[in-house]
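Enquirer: Got a predicted model here, sequence first, then my questions.
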Protein chains: 2
Amino acid sequence: MSEQKRVYRFGTDAQGNDVTEGGASMKFALGGKGANLAEMCRIGLPVPGGFTITCQTCVEYSGAGNVWPEGTLDEIDAATRDLEHRQGKSLGDPHDPLLVSVRSGAPFSMPGMMDTVLNLGLNDDSVQGLIEQTKNPHFAWDSYRRFIQMFSNVVLGIDSDYFENALTEKRMVAGVKSDSELTAEQLKELVCEFREIAAEHISADEHPELVIEGKAVFPTDPELQLKLAIEAVFGSWMNERACIYRKANGISDDLGTAVNVQVMVYGNKGETSATGVAFTRNPADGTREFYGDFLIDAQGEDVVAGIRNTEPISDLKIKPVFAQAGEQLESIFGILENHYRDMCDIEFTIEQGKLYMLQTRVGKRTASAALKIAIDMVGEGLISREEAVSRIDPAQLDQLLHPQFDTGSDIEVLARGLNASPGAAVGAIVFSSEDAVAAADEGRPVILVRWETNPDDLKGMVAAEGILTSHGGKTSHAAVIARGMGAPCVCGVESFSIDAANKEVRVDGADIVLHEGDIISIDGTSGIVVLGAVDLVSPELTGDLETILGWADTIRMDSSKGTPNRVRVNADNPADAKLALEFGAEAIGLCRTEHMFLGDRKNIIQSFILTDDEQVKAKALEDLLRVQTDDFLQMFRTMDGRDVVVRLIDPPLHEFLDDPRELEVAIAKREVEGAPADELEALRKRLRDIDGMVESNPMLGLRGVRLSIVYPDLPLMQVRAIATAAARLKRDEGLNPHPEVLVPLVAIAQEHVQTRAVIERVVAEVAEEFGIRLDIPVGTMFELPRACMVADAIAEHSDFFSFGTNDLTQTTFGFSRDDAEAKFIPIYLHKKILESNPFETIDDVVVELVKMAVDKSRATKDGLMCGVCGEHGGDPASIMKLFNVAGVDYVSCSPYRVPVARLAAAQAKLEAEQGFSTQDK
Amino acid sequence: MSEQKRVYRFGTDAQGNDVTEGGASMKFALGGKGANLAEMCRIGLPVPGGFTITCQTCVEYSGAGNVWPEGTLDEIDAATRDLEHRQGKSLGDPHDPLLVSVRSGAPFSMPGMMDTVLNLGLNDDSVQGLIEQTKNPHFAWDSYRRFIQMFSNVVLGIDSDYFENALTEKRMVAGVKSDSELTAEQLKELVCEFREIAAEHISADEHPELVIEGKAVFPTDPELQLKLAIEAVFGSWMNERACIYRKANGISDDLGTAVNVQVMVYGNKGETSATGVAFTRNPADGTREFYGDFLIDAQGEDVVAGIRNTEPISDLKIKPVFAQAGEQLESIFGILENHYRDMCDIEFTIEQGKLYMLQTRVGKRTASAALKIAIDMVGEGLISREEAVSRIDPAQLDQLLHPQFDTGSDIEVLARGLNASPGAAVGAIVFSSEDAVAAADEGRPVILVRWETNPDDLKGMVAAEGILTSHGGKTSHAAVIARGMGAPCVCGVESFSIDAANKEVRVDGADIVLHEGDIISIDGTSGIVVLGAVDLVSPELTGDLETILGWADTIRMDSSKGTPNRVRVNADNPADAKLALEFGAEAIGLCRTEHMFLGDRKNIIQSFILTDDEQVKAKALEDLLRVQTDDFLQMFRTMDGRDVVVRLIDPPLHEFLDDPRELEVAIAKREVEGAPADELEALRKRLRDIDGMVESNPMLGLRGVRLSIVYPDLPLMQVRAIATAAARLKRDEGLNPHPEVLVPLVAIAQEHVQTRAVIERVVAEVAEEFGIRLDIPVGTMFELPRACMVADAIAEHSDFFSFGTNDLTQTTFGFSRDDAEAKFIPIYLHKKILESNPFETIDDVVVELVKMAVDKSRATKDGLMCGVCGEHGGDPASIMKLFNVAGVDYVSCSPYRVPVARLAAAQAKLEAEQGFSTQDK
């Protein structure tokens, strides 16, 4: 490994010629900071010289248990000598010492690591050289004492308070208020004291190299200082905070960090010096303006510390001493934007009127700023529309589509749960659907708080501002319905012990009991629950979003570049369908008909399921046919001319019945209370009937197409309703309805074949009844591994494929989502068994199964339409894999995810066709 | 299609030269009967001449809605003319008429179809020819009246009773007791009457061709008689009884049946004629002897009808008139056995001293006869050992390994359930495990009757003679455990409404209530439940079985012909292990450790699961470690020198806890009863704890390797117990234990990697503690599609693969076995969506997944041992696919299936290597 280059120079040589070896493209070798320092040197910007030690060196160093890779120290030594030569100064020189900063710089921004040591190279000799050069003993001794404090803290791990206390005492003794009022002599005394403090607290065990005559002392040798500082940076890569940060942000431990050793420049050399940070545009709203602050006579850390008030960057040019540097900085803003073709974030220092650039990078921005900047840059001719589209993080769009907690508010977290459906809400606690509806009728905003919701709660969920459950995962009833409605929802708040009967919640860990009417705020984007009302920021569909999505549509639908990447919506009612059209969905990819069996209709379906009386059954079917036909009339009218994929009833029928456990408890109570025998017998009969339908694993039970085969009446009623609605609209209203029937949970080709046959018979009957021609395609829902493996056989009898990747993930992994997300997926993520939650971002093996089915289907039937209607259809990373790896034609997602999916679909197209990559995170 | 040959001749021409066109290999064209008639002609046996119309003709005829394929009638006509020419007789000839029989003959024996019409060709003219030829008017008229009756019944669908009534009346009028006493004149009168009866009942709609001058009449034209008879045979292929039989026996509807038209011979031409059936060996016990019966002066149907007492075939030679035919028959027995190289079943007729063979086929036999015949034939040099092994139906062995209902007993079925575990049992009903144990202590045989069993019932299940449950499928707890123990079990007896509290069962459909102590008999082989005690026949492990299994072992283990097909056993306790060794298992392929947590130990594991007190947890673990170490000591000692694959705990922990529903009901009752607050609170706390662990879909929940990752204490305790037991035996007893650890339910390679790391750490600790070397391989259980798809990655870190094909079937299909077998698989079989229950015989797609994993594993690690430990490992059809398609090294099954698996594994080897096929069914 010793042949590998570990140290890269940047800056100019003694003759002013650029000797930079790296560049912006080397982020993974030099870290973000090092790569951009090199890039700025290359484009001729004023950057203090230095060198960068690679990230790979850090990985090897920490991987070997903090042992230097062979030859590395020699290479660093050579780079140091070279830097001395370039600068015409030497480390530790008592007349003109080279002083350097040592900074870490990982490929991605990484709080929590050892950050910076400034003024390295100072000791009792070199401080004299600094005085000689600057003619400023006060500055020199102040720099020295800062160095000792900083080095002791970040390299030697000594608490800064020891030094701060000494400093405070010195100020008191001197009778001054600020450090700058201390005299050079007093600062010199402080240096002595600081070195004693350091010596007292250095761990001799950890730093044997600092032990002299049995006692650890502060290092005076600049070479040793440099080595220790670099080791500290490398060592900090694996410290706990850094590891936690990386895990939280999905950054690999294998990247390592680079170390930048750079000649010091000083913003604290008096009134002609300054330091500042800036953005080339406003990162909050995207306005094209200089945005930033500076501090006169200060070092970078002072700006960050916020001790003194900063001045706006626009004032720089106004001040005569900084006018020239200010002009130069403005022109550099332009150069950087032109070079990086993006908004940049920079750090600079002005030393005695001369400007130095210390850092630049592509700047972080809010979602709305991201949109505006991208659109403006297209207008300015800086970037293409394709680049603009590729730069917006689709996940960030969520900020614009839901209300959020005002980030200005002070928030005290009461509890945390799963971020089940984005957006924030504030309201009074209610414990039942009825109470929620009653409150909504009175105009009172409420949060529906339930152990878990069930189909009965739908009205209450619609009425409430938001939903909180103490149980259930991200695919629980509450979560799925809330996401579909775009309602904020926090699920699985385990610290809430809900006693709905007594209308109170005991909050574990907080010594508090909440009652009905108490105001809480929930944030479904973060999963946070707050006691009391938090201010909310409302969503706006800005023109910028429309512009970008318009461009995205042009890109993803461009059929000159392969099959379009289409976006459909999952919508179960006309309101959702209408909303989805506004959000840009082309068609309905999934209409879940069981959602039409709730509310008042639940009684009808219960009577259908539980009776043995054929007349009662027939009456129930007739009632359901009437209301479902109305449902479809409205849906098809709203979506006139567009495909509406209607899935036949999918869940096990017992989901529509009472909970047998609750019923048995009620019976037991009535029994002890001495209820009459006939009442008890009727209740017991009902319980027996329900128990007869209960299943051990409902997810793998009598549902989906199995219902069509075992109890065909219900799904055939649905087909009749679909066909009747379509026929009426076509014949009586002259409309152009496009219903398609989706057969769920197919595992075996014959299931589809036999179900299709009866569907076609019903459609033909209706067509004959209306005297018109009715073409209703019949497709297959792929949710099981077996189906994917026999997709060629299924394709022979199917008109389209729709992949239910939620269930496919469940069976491929053998994970029940509800159970897995509550019980072990978080631990799997923590232990790195999984890189991401496969129910959020689709797993590569599941993608492989989808691809297998898509490929097999097309081998059988060229051009057979394949889409995804699982929740992955709204996840940008999944959308990329689904279009570009699995090769599907469309994704279908909940209405509020449609804009996200449109953007992600366009980015997938760009990635596939032009090699554009989406923005770094 | 008209080029295809549809009619095949058999027999000799006028010169006595054989003109047979078919042979035994053409079973699917000519049916079993036709193919064997042709074969007998070819080897020179005396067979009346004729021709066979192919099965394919039947398929086309019935497929086209009973329309003759073009050209077929011409071909039949030509064959008829040819037959006339060969016999020197003509159909309908008034001097020497050709008379024929028309018989159906499908590729597989098929009760329920139109069978036979004899004497076809008779009419008022030809009967005179018959009289002229035979000089026997009585015989001729009797033949004629029989023909009208038989033709009217089987071809025209007229109830035989009309004819029988007329016959009875004729006897009464004549004052005679038997038909044979009727005079020729009286028989002639009967012919007239029979024709009138027929004319009266012929359906003119169904038989327009029989209508003459507006009235349907019995057909007199022999050509028309022949055409109608053939049509009736073809038409009967799709009649209801035939369809039901085919479905029940897994015979395809697409095979069709052939029709055999053959010259009549008569066993009823007086005292020198006879007819009989025989086997070349005894089909009940396999003894080499002539076995069969004959009747003098009779037709075949008289033997079957059982009106007259038959004589044993051995008496044939004793009677002088039959001596020659008898000698000839004996020599034919030998010829047939030599030719078919198997025991044959034959039908013959002796017409006036001359022997004719009318049918032969390989004879059906009992399991013990099958063994004896195969072994004897090897001894006789007729067949090889390989052929002997390939001829035994492994499924039939079950008869020999479990007690059965005595087939001689009269049985009245009370109820039917699923045949969950083979064998029969008789005992008094008990409703609880405790009562079963109490009864067993007193020596009273009992049947444990439960809604469904749970781990608590284990002792009761061991104590009972058999188990009956009203719920649950073939993989329910009761079924799996019963099969494992070899105990008879009938599951899912839905007509049993069990009220365990009141110790009674209401039997739906029977007006009966059973009480504790009532005696019932159950047959787990058929799923039948009988009220009262049925006589049982006990199993015997005969020497013949041992001989055949020994040969099977030699075949399957012959490493000169590829990898051996190994057989292991699933055993969870030393008794099973011992039994399995006796049954010939080589090793334990699966030891399910959770079965070691039952009985008294359940309290310990409950205290472990439910406590938050670390000391209580530690104590529970210590107790479990002690008892599990003892378990493994016994197991490893029993299996010394053999592999014992121990699976870490697999089921969700809540399976060890109380049923929360029962607990909540109990709490509700105590509440109403006014129980003290602290009692209620303690109960509620327990309920909350249990509810916290409950899962929506336990099959896909926190179980298997997930437990090792989330709650590692329990599985690591198990590893410690395994390692400690092995170390003790090795160090202290000088034994050679071979434990292997199996990690269940892996979906992700990292699950295995991390679990393996901790397992190895524990093993190393124990090895160090004992100061010895311990090598314990760690393998992966494949039960999920994802695992199969990433098997190459898993193989890098795994020492062996074991496929749990039950769970793999569940996730591949998305079928919960318990729910699917109870709710929809029977319907799927009925509707032909499935050809067989995939939980009984492994599905081809599941085999494909297993093969994918096996291939990937071997690409990574050559020679990695792959086995199957699901129940498919005991199913012969599955064993064939697993060895020959998936390519596994071994199957592992419950102890009582080991002999079956040994035989099936040998047959798989033969099929793969030598093209031997197993016996036709």
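Expert: Structure's in. What do you need?
Enquirer: need the contact list for residue A:522.
Expert: Applying Cβ atoms under 8 Å, 6 or more residues apart in numbering or on different chains, we find residue A:522 in contact with A:424-425, A:447, A:466, A:468, A:488-490, A:528-530. Quick note: C-beta positions are derived from backbone N, CA and C, even for glycine.
Enquirer: how about a markdown table for these, with secondary structure, neighbour count and pLDDT added?
Expert: Listed next are the contacts of residue A:522 as a markdown table, based on DSSP: H, G, I helix; E, B strand; the rest coil; neighbours: other Cβ atoms under 10 Å in any protein chain shown; pLDDT from 0 to 100:
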| residue | secondary structure | neighbour count | pLDDT |
| --- | --- | --- | --- |
| A:424 | strand | 25 | 91 |
| A:425 | strand | 25 | 93 |
| A:447 | strand | 25 | 96 |
| A:466 | strand | 28 | 94 |
| A:468 | strand | 29 | 95 |
| A:488 | coil | 30 | 90 |
| A:489 | strand | 35 | 91 |
| A:490 | strand | 34 | 93 |
| A:528 | strand | 22 | 92 |
| A:529 | strand | 24 | 95 |
| A:530 | strand | 21 | 94 |
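Enquirer: Tell me the one of those nearest residue B:483?
Expert: Checking the contacts of residue A:522 against residue B:483 with Cβ to Cβ, the nearest one is residue A:489 at 46.0 Å.
Enquirer: bridging residues for the closest one?
Expert: residue A:421, residue A:467 (DSSP bridges).
Enquirer: Which two among the contacts of residue A:522 are spaced furthest apart?
Expert: Maximum pairwise distance among these (Cβ to Cβ): 15.2 Å, between A:489 and A:530.
Enquirer: Can you tell me, leaving aside adjacent residues, what's nearest to residue A:86?
Expert: residue A:13 (5.0 Å; Cβ to Cβ, 6 or more residues apart in numbering or on different chains).
Enquirer: What is the burial count for that neighbour?
Expert: When counting by other Cβ atoms under 10 Å in any protein chain shown, one arrives at 14 neighbours for residue A:13.
Enquirer: Contacts only, for it.
Expert: So, once contact is read as Cβ under 8 Å, 6+ apart, residue A:13 ends up touching A:19, A:85-86.
Enquirer: At the geometric centre of chain A, which residue do we find?
Expert: The centroid of chain A falls nearest to residue A:395 when counting by Cα atoms, centre = their mean (6.1 Å).
Enquirer: Just give the nearest non-adjacent residue to that one, would you?
Expert: Per Cβ to Cβ, 6+ apart, closest to residue A:395 is residue A:876, 5.7 Å.
Enquirer: distance of the one you found from chain B?
Expert: To chain B, residue A:876 is 23 Å away according to Cβ to the nearest Cβ, to the nearest Å.
Enquirer: One more: residue A:355?
Expert: Taken as Cβ to the nearest Cβ, the span from residue A:355 to chain B is 51 Å.
Enquirer: Report pLDDT for the residue nearest to residue A:86.
Expert: The model reports residue A:13 with a pLDDT of 94.
Enquirer: Any figure for the gap between it and chain B?
Expert: For residue A:13, the distance to chain B (Cβ to the nearest Cβ) stands at 50 Å.
Enquirer: try residue A:766
Expert: 24 Å.
Enquirer: Based on its surroundings, how many neighbours for that residue?
Expert: 22.
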